[in-house]
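Chemist: only the shape, not the letters, is given here:
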């Protein structure tokens, strides 16, 4: 079993930055993803990273502003968020999976954290 705990959310003005952290315990998964869900909207893919290769993938909506990274020695995955916009406001979730299926789909992930709130004011 994998436990995931997110932190780093908060309130920030538009144009500001936040760094989210996700600490994983239990065992190392092959892929870690970040998703977000705004009120009244479906959960959407933000970014993912492969544990071994470090290969990353970012959603078009965050490309160039957000960066996913990992620190294997600390079992931690990060999401650096720059140039934040009000539309980035959501609960951000960390997820983990060992499946080889589509890594941008929430259905591919078996383990989820409880989420951390990010609010961007205009």
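Modeler: Sure thing, it's come through. Bear in mind the structure is a predicted one, so any value in this text is a computation, not a measurement.

Chemist: what sits against residue 92?
Modeler: 6, 9, 20, 34-36, 46, 79, 115-118 (C-beta atoms under 8 Å, 6 or more residues apart in numbering). The way it works is simple: take the backbone N, C-alpha and C, and place the C-beta from them, glycine included.

Chemist: export the residues you listed as JSON lines, with columns for distance to residue 109.
Modeler: Formatted as JSON lines, the contacts of residue 92 follow (distance: C-beta to C-beta, whole Å):
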{"residue": "6", "distance to residue 109": "14"}
{"residue": "9", "distance to residue 109": "19"}
{"residue": "20", "distance to residue 109": "16"}
{"residue": "34", "distance to residue 109": "11"}
{"residue": "35", "distance to residue 109": "8"}
{"residue": "36", "distance to residue 109": "13"}
{"residue": "46", "distance to residue 109": "12"}
{"residue": "79", "distance to residue 109": "15"}
{"residue": "115", "distance to residue 109": "13"}
{"residue": "116", "distance to residue 109": "17"}
{"residue": "117", "distance to residue 109": "20"}
{"residue": "118", "distance to residue 109": "19"}
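
Chemist: now flag whichever of these is closest to residue 67.
Modeler: When the contacts of residue 92 are ranked by distance to residue 67 (C-beta to C-beta), residue 79 comes first, at 7.5 Å.

Chemist: can I assume that closest one is in contact with residue 68?
Modeler: Yes. With contact defined as C-beta atoms under 8 Å, residue 79 counts as touching residue 68 (5.5 Å).
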